[in-house]
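# I would like the atomic coordinates for the input below:
(chains A, B, C and D)
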Number of protein chains: 2
Amino acid sequence: MIKADPRLPRYQQIRDDIAARIARGEWKAGEAIATEAELSSIYGVAIGTIRRAIDELASDGVIERAHGRGMFVRRADFSTSLFRFFRLGSSGERSISPDSRILSRSLATPSDIVRDRLRLGPEDNAIRMIRLRTDGGKVLLREEIWLSATLFGPILDMDIAMLTPLLYPAYERHFGRIVARAKERLTVETADANVACDLEAPAGSSVVRIERQAIDHADHPLEWRTSHGLADQFVYEVDVH
Amino acid sequence: MIKADPRLPRYQQIRDDIAARIARGEWKAGEAIATEAELSSIYGVAIGTIRRAIDELASDGVIERAHGRGMFVRRADFSTSLFRFFRLGSSGERSISPDSRILSRSLATPSDIVRDRLRLGPEDNAIRMIRLRTDGGKVLLREEIWLSATLFGPILDMDIAMLTPLLYPAYERHFGRIVARAKERLTVETADANVACDLEAPAGSSVVRIERQAIDHADHPLEWRTSHGLADQFVYEVDVH
DNA sequence: GAGTGGTCTAGACCACCGT
DNA sequence: CGGTGGTCTAGACCACTCT
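As a prediction, this is how the structure comes out:
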């Protein structure tokens, strides 16, 4: 059942296996997963070990516990960690359900920075995507996304519908790769020609630049992304622990 | 020894008591605290319960564990959670050790927003401070800080040296209040007269506005802060979990 | 080797939820 | 009420660090 590196602690192997089952659809969003006692006998470990594994999944927002009822696969809604920022272009607290449009997708030679951020070897190739996030026809964000071609090669030939609207769930579903955390870096700058054009704003507009390195449970970088949005409509909210 | 609400789980009482001891200076920054076995006999609980308490302190960054060596009170250095942003005004990765200068400190009537963010009652008063963060004479950040007068009243009469350079450690030392997490919200705007003047920039300059609500372990807000810094020198880095 | 934290066990009892 | 997750125990053994 578990074929992970046996040097890893059991609770980490179990955590990854449960996450993989959810990714494979064995337990679906909103459903209850097996109880602690069941999992304990499935994996042949003590309940304490199961709890340790679930603790991490819960703190990653993959699973939600309900005392007395069970443990449930959390719906990947837009207010959770996978889609955590901004409410651009519209006033008030109205929730947005942004569309995303992938403009390009190709093999490309990574720059030294990308190579570093994805921890690529000197010969490794990479995948580059340009994507727009829009809401009601209005462009909110322009993203340049880099992935390791070794890990994500098949993404080049996949139906584009399988990659929308959110990429992280797609990484989970099709590659079993789970984004556990991310490092983000925000700066303010003036838009270059490409960015200004895609954001439908005059060149030289003030824009926010967000660099994000998405990292899995094993501390390995999965994705490097640089996003731009117009500064005057920008709101970024984050919980800092 | 422990006089907390006995309805709370033991591991939370112990976690708070250890934090209070550190705040009182019984264990100092950089020093090792008692071992798990010692704590287990001090508090009269099993080691597992101690570990649970320490887990939370470690994830809050109060304590650092070193396998085989012991558990250490973490130095509140500038790269950690208490002082997490920007590297303004200078190039490269050189670390900054910013000074802070408190410009004003007084009782004030909180606005509705402040009242909401600090969860104050309709009659509660508040403390307002204006503070500049500087590095080598250059102003990096201008902060407006609001506190509940009920919780932090004595701060008005304290020697100002007790409040520098960092406020959160001062809250811990003098009031036993520990900032466990914070919610931050970033936007970009143009500087008003006060902000521009304090940042030594022309009015109308593009500035970043950071609103931060600092929250304790019991999910009660401790502080509400609005900071401004010049946009073109701004860098904000954060780990998102 | 002695001492530390890290993992894991096999239970117990409690608090909460549904029927 | 039975079933669930939450807390807690009293150990065992392992991995790491220092001397």
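
# tell me the predicted confidence for the residue nearest the centre of chain A.
Taking C-alpha atoms, centre = their mean as the criterion, A:Tyr168 is the residue nearest the geometric centre of chain A, at 3.4 Å. Looking at A:Tyr168, its pLDDT stands at 85.

# A:Pro98 too?
Model confidence at A:Pro98, given as pLDDT, is 67.

# quick check: the residue nearest to the centre of chain A is in a helix.
Yes. Inclusion of A:Tyr168 in a helix is indicated when DSSP: H, G, I helix; E, B strand; the rest coil is applied.

# what's the spacing between it and DNA strand D?
Distance check for A:Tyr168 against DNA strand D: by C-beta to the nearest atom of the strand, to the nearest Å, it reads 25 Å. Backbone N, C-alpha and C define where each C-beta goes, glycine included.

# low-confidence ranges in chain A?
Counting by pLDDT under 70, the ranges of chain A that qualify are A:1-6, A:76-98, A:241.

# relative to A:Ile145, how far out is the residue nearest to the centre of chain A?
According to C-beta to C-beta, to the nearest Å, A:Tyr168 stands 11 Å off from A:Ile145.

# domain ranges for chain A?
Residue ranges of the domains in chain A are recorded as A:10-73, A:99-233, according to automatic domain parsing.

# what residues are shared contacts of A:Tyr168 and A:Ile145?
Both A:Tyr168 and A:Ile145 lack any common contacting residue under the criterion C-beta atoms under 8 Å, 6 or more residues apart in numbering or on different chains.

# tell me who's in contact with A:Trp224.
Contacts of A:Trp224 were listed using C-beta under 8 Å, 6+ apart, and they are A:114, A:117-118, A:145-146, A:211-214.

# now neighbour count and distance to A:Gly70 too, for the residues you listed, in a markdown table please.
Rendered in a markdown table, the data for the contacts of A:Trp224 read as follows (neighbours: other C-beta atoms under 10 Å in any protein chain shown; distance: C-beta to C-beta, whole Å):
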| residue | neighbour count | distance to A:Gly70 |
| --- | --- | --- |
| A:Val114 | 19 | 43 |
| A:Arg117 | 21 | 39 |
| A:Leu118 | 23 | 38 |
| A:Ile145 | 19 | 36 |
| A:Trp146 | 25 | 39 |
| A:Glu211 | 17 | 39 |
| A:Arg212 | 21 | 34 |
| A:Gln213 | 19 | 35 |
| A:Ala214 | 26 | 30 |
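
# any idea which of these is closest to B:Ala46?
Sorting the contacts of A:Trp224 by distance to B:Ala46 puts A:Ala214 at the head of the list, at 38.4 Å, by C-beta to C-beta.

# I'd say the closest one and A:Ile178 touch.
No. Between A:Ala214 and A:Ile178 there is no contact under C-beta atoms under 8 Å: 9.9 Å.

# ok, back up a step: distance to B:Ala23 for the domains of chain A - can I get that in TSV?
Formatted as TSV, these follow (distance: least, C-beta to C-beta, whole Å):
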stretch	distance to B:Ala23
domain A:10-73	26
domain A:99-233	29
